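Chemist: Got a predicted model here, sequence first, then my questions.
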Amino acid sequence: MKNKTKALPIIDGIIVYCSHDKIVPLDELKPNPRNYNKHPEAQIALLAKNIKAVGWRHPITVSNLSGQIVAGHARLEAARRLGLSSAPVNFQDFKDASEEMAVLIADNRLAELAEASMPELKDLLLELDTGALDMELTGFDNKAMEDLMTQFHVPDENKPIDEAAMTDTKNECPKCGFKW
């Protein structure tokens with residue numbers, strides 16, 4: 001028996017890889033006026049470039065309660081920038097307006113709380129940088145990539161010396177008095 005795969009939807013030439021409930025015309029989507037996250041032009045440009053290159057990977061989330069966007073305001077702006085007619089949307093139920101707002105805030109905030117391991121990020125980016133991929137698809141423009149790659153990194157084994165723990169040592173520098 002042949003493996004039958006469902007054809008992926010396409011919006012204005014862009015493949016939709018993410019699961020979604022419905023493809024919705026952009027002019028029917030209502031941004032939440034209380035969304036406190038503002039998206040600078042550079043972010044929208046990078047996101048639009050990413051969607052165009054790798055397709056829709058995340059739907060816009062809309063509340064069944066208010067009919068407004070809960071997550072995906074930047075994706076909506078990127079779709080508009082690309083001149084798309086529609087976007088994939090996931091509709092979700094909320095018990096009340098407070099829960100809906102909490103999800104909107106959490107969607108903006110929780111990713112900010114992650115701590116990036118810069119050495120690991122640099123290794124991943126160097127691994128990808130073969131010339132076969134537009135590196136801006138990682139979300140780093142050329143300047144951000146250069147800044148990251150030229151940062152001085154102190155390996156974990158070279159952590160700062162705990163000078164207080166060294167007060168009972170026997171060696172002392174005759175010039176500066178440093179003890180070890």
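Modeler: Arrived safely, thanks for sending.
Chemist: Grab the CA positions of stretch 16-24 and hand them over as PDB.
Modeler: C-alpha atoms of stretch 16-24 as PDB (Å, rounded to 0.1, in the frame of the first residue of the first chain):
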ATOM      1  CA  VAL A  16       1.700  26.100   5.200                       C
ATOM      2  CA  TYR A  17       3.600  23.400   7.300                       C
ATOM      3  CA  CYS A  18       2.000  24.200  10.600                       C
ATOM      4  CA  SER A  19      -1.200  22.700  11.900                       C
ATOM      5  CA  HIS A  20      -4.100  25.200  11.900                       C
ATOM      6  CA  ASP A  21      -7.900  25.300  12.000                       C
ATOM      7  CA  LYS A  22      -8.500  27.600   9.000                       C
ATOM      8  CA  ILE A  23      -6.900  29.800   6.500                       C
ATOM      9  CA  VAL A  24      -8.300  33.300   7.200                       C
END
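Chemist: And Ala111, how far from Leu121?
Modeler: Applying C-beta to C-beta, to the nearest Å, the value for Ala111 to Leu121 is 15 Å. C-beta coordinates here come from the backbone N, C-alpha and C atoms, glycine included.
Chemist: of those two, who's got more company?
Modeler: Just comparing Ala111 and Leu121: by other C-beta atoms under 10 Å the higher neighbour count belongs to Leu121, 13 against 8.
Chemist: any idea how far that one lies from Ala48?
Modeler: Leu121 is 23 Å from Ala48, by C-beta to C-beta.
Chemist: Low-confidence stretches in the protein?
Modeler: Within the chain, the stretches with pLDDT under 70 are 1-5, 152-169, 180.
Chemist: change it to 50
Modeler: 1 (pLDDT under 50).
Chemist: In it, mark out all the helices, start to finish.
Modeler: 41-54, 73-82, 97-109, 118-128, 142-149 (DSSP state H).
Chemist: quick one, which of those is nearest to Val89?
Modeler: Closest approach to Val89 among those (C-beta to C-beta): helix 73-82, 9.8 Å.
Chemist: Not counting its own residues, what contacts the closest one?
Modeler: 12, 14, 26, 29, 31-32, 35, 37, 39, 43-45, 47-48, 50-52, 58, 60, 69, 86-87 (C-beta atoms under 8 Å, 6 or more residues apart in numbering).
Chemist: Which members of those are classed as buried?
Modeler: Among the contacts of helix 73-82, those classed as buried by neighbour count (16 or more other C-beta atoms under 10 Å) are 14, 26, 29, 32, 35, 44, 47-48, 50-52, 60, 69, 86-87.
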